[in-house]
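Sequence isn't available, so here's the structure alone:
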């Protein structure tokens with residue numbers, strides 16, 4: 001089913017018509033207007049975001065670029081048959097999340113995107129998980145442009161700010177923007193010489209340039225900034241809602257977003273719908289700008305269908321199309337089975353054949369079973385970034401043991417998945433901890449630790465900076481930490497304690513204090529995923545009750 005609107009409802013009830021450009025007499029390039037007065041043009045915008053290495057279908061036959069290719073090819077054929085035009089955009093974060101991709105610098109993902117025919121991509125923060133030479137290599141692999149108006153190095157933009165597309169005589173400008181949070185959540189080793197400017201200010205500058213030089217009929221921003229309900233971004237940098245509100249009304253016709261990994265489907269004003277795969281989806285609209293996001297991992301392809309006529313762009317339908325997503329139902333025997341939510345999408349054979357060698361390459365090593373767990377180890381993004389979890393404490397405990405530390409801190413943004421009950425494979429470990437951070441530690445006095453905890457322990461929830469702890473308890477109230485207890489004893493200001501933390505945070509990632517210059521700082525050289533793997537091997541079967549939080553962290 002689709003969210004459909006007729007023009008009368010748009011104008012009189014929902015005010016969903018966007019006036020694009022101007023019909024005033026103009027000069028220069030803009031005078032070369034090619035669209036015909038009173039003619040209706042169909043334009044379709046398809047989009048995905050936050051791929052995170054999911055080039056291959058999962059174990060349930062969901063997702064995967066081969067099925068995505070079939071779906072998009074079918075839509076392209078339909079649009080072409082009707083005389084329309086199509087753009088395919090990505091909201092970024094192609095990197096990090098699936099070991100088969102991570103081990104190969106996401107090469108299969110870019111091969112798949114090329115074959116599917118993406119037109120442009122926003123730079124995501126996870127494009128900076130690797131060194132800049134890897135990012136340059138990826139940009140070379142891609143047959144489409146990486147766009148980012150607000151990323152600078154040595155005073156110059158690292159990437160093109162925008163690209164102009166001509167679709168049936170309609171000039172469409174696509175500009176790229178990246179969250180300025182990348183300066184904090186990107187790997188400090190790789191982003192320290194890069195400047196992430198305020199995307200709102202850069203957008204206004206670029207839009208002015210576009211209007212002066214090109215006078216496009218339609219302006220779309222492809223962003224990696226996040227959708228935060230009613231602009232309430234908390235500890236995150238401002239996202240798409242505040243971007244739309246900052247600009248002049250209607251400056252942007254559409255924002256194709258990513259980063260917060262939401263299916264942006266609204267119910268009423270500034271309220272998310274209780275969206276489930278297969279439901280209708282109404283995009284957000286702020287200050288004359290439609291805002292869309294297609295959740296994550298290629299679970300959906302977002303589809304926006306527009307009519308352009310006499311300088312006006314009218315959305316006639318919007319839909320999030322599931323890519324072979326399934327739901328659990330009870331069969332005749334009362335057992336839960338997974339069934340397709342919508343019709344099965346066959347895998348495109350050419351894409352399947354191109355990507356299969358990459359999938360096969362890592363399977364032998366990744367499928368090795370290294371342990372078991374008697375229940376779920378919780379690492380789901382929305383849970384682990386808001387609560388202490390058993391998986392967060394397990395990881396912190398493994399690091400603490402390896403570093404012979406008194407307590408451990410683990411940023412929740414470094415925990416990328418849960419581990420289900422049963423066998424634990426090497427792939428599971430690399431999926432949970434894909435960043436290859438090093439285990440570091442430092443010896444601090446109790447007074448130094450209090451200063452440190454008053455920064456780290458007070459990080460707001462719903463962000464990757466929210467810390468998971470092991471070996472320590474405390475109370476957090478009014479943005480201050482108190483009642484700190486380590487090894488059953490109250491913290492002493494003059495005593496010395498050792499704590500461990502991932503190298504990413506030790507270097508200032510997530511806005512943590514940079515401790516790498518402290519004389520007692522040590523980088524062990526041990527990779528986090530390998531430490532977790534060895535801990536699970538040595539302590540299997542894992543009993544999740546042993547790592548269940550017991551109110552060690554009290555928030556008031």
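Thanks, I have the structure now. Just so it is clear, the model here is predicted, and its values are computed rather than measured.

where do the strands sit along the stretch 51-200 of the chain?
Along the stretch 51-200 of the chain, counting by DSSP state E, counting those that start in this stretch, strands occupy 85-90, 120-122, 146-147, 151-153, 156-157, 162-167, 170-178, 194-196.

What are the buried residues along the first one?
Neighbour counts using 16 or more other CB atoms under 10 Å place 85-90 of strand 85-90 among the buried residues. No exception for glycine: its C-beta is placed from N, CA and C like everyone else's.

Return the member of the residues you listed nearest to residue 360.
residue 90 (25.4 Å; CB to CB).

What's opposite that closest one in the beta bridge?
Taking DSSP bridges as the rule, residue 90 bridges to residue 48, residue 121.

Please verify my assumption that it contacts residue 121.
Yes. With contact defined as CB atoms under 8 Å, residue 90 reaches residue 121; the gap is 4.1 Å.

Need the overlap of contacts for those two.
Here residue 90 and residue 121 have 113, 222 as joint contacts, going by CB atoms under 8 Å, 6 or more residues apart in numbering.

Averaged pLDDT, stretch 421-441. What do you get?
Throughout stretch 421-441, pLDDT has a mean value of 93.

do the same with stretch 38-50
Stretch 38-50 carries an average pLDDT of 98.

now it: how far from the chain's centre is it?
Taking CA atoms, centre = their mean, to the nearest Å, the mean C-alpha location of stretch 38-50 is offset from the chain mean by 23 Å.

what's the answer for stretch 436-454, then?
Worked out by CA atoms, centre = their mean, stretch 436-454 lies 28 Å from the chain centre.

Figure out the length between the terminal residues of it.
Length of stretch 436-454, first residue to last, CA to CA, to the nearest Å: 27 Å.

again, but for stretch 142-160
End-to-end distance for stretch 142-160, by CA to CA: 14 Å.

What of stretch 75-92?
Counting by CA to CA, you get 22 Å between the two ends of stretch 75-92.

Repeat that for stretch 137-150.
Counting by CA to CA, you get 21 Å between the two ends of stretch 137-150.

so how far is it off the chain centroid?
Remark: stretch 137-150 is offset 17 Å from the chain centroid, using CA atoms, centre = their mean.

in the stretch 251-400 of the chain, which spans are strands?
Assigned by DSSP E, counting those that start in this stretch, the stretch 251-400 of the chain shows strands spanning 254-256, 284-286, 289-292, 300-309, 312-322, 326-330, 336-340, 369-373.

Pull out the buried positions in the longest helix that the chain contains.
Criterion DSSP state H: the longest helix present in the chain is helix 65-81. Within helix 65-81, the residues scored as buried using 16+ other CB under 10 Å are 65-72, 75-76, 79.

Pull the contacting residues for the nearest residue to residue 92 once chain neighbours are set aside.
Spatially, and ignoring its direct neighbours in sequence, residue 92 is nearest to residue 124 (3.0 Å; CB to CB, 6 or more residues apart in numbering). Neighbouring residues of residue 124 by CB under 8 Å, 6+ apart: 50, 91-95, 178, 224, 258-259.
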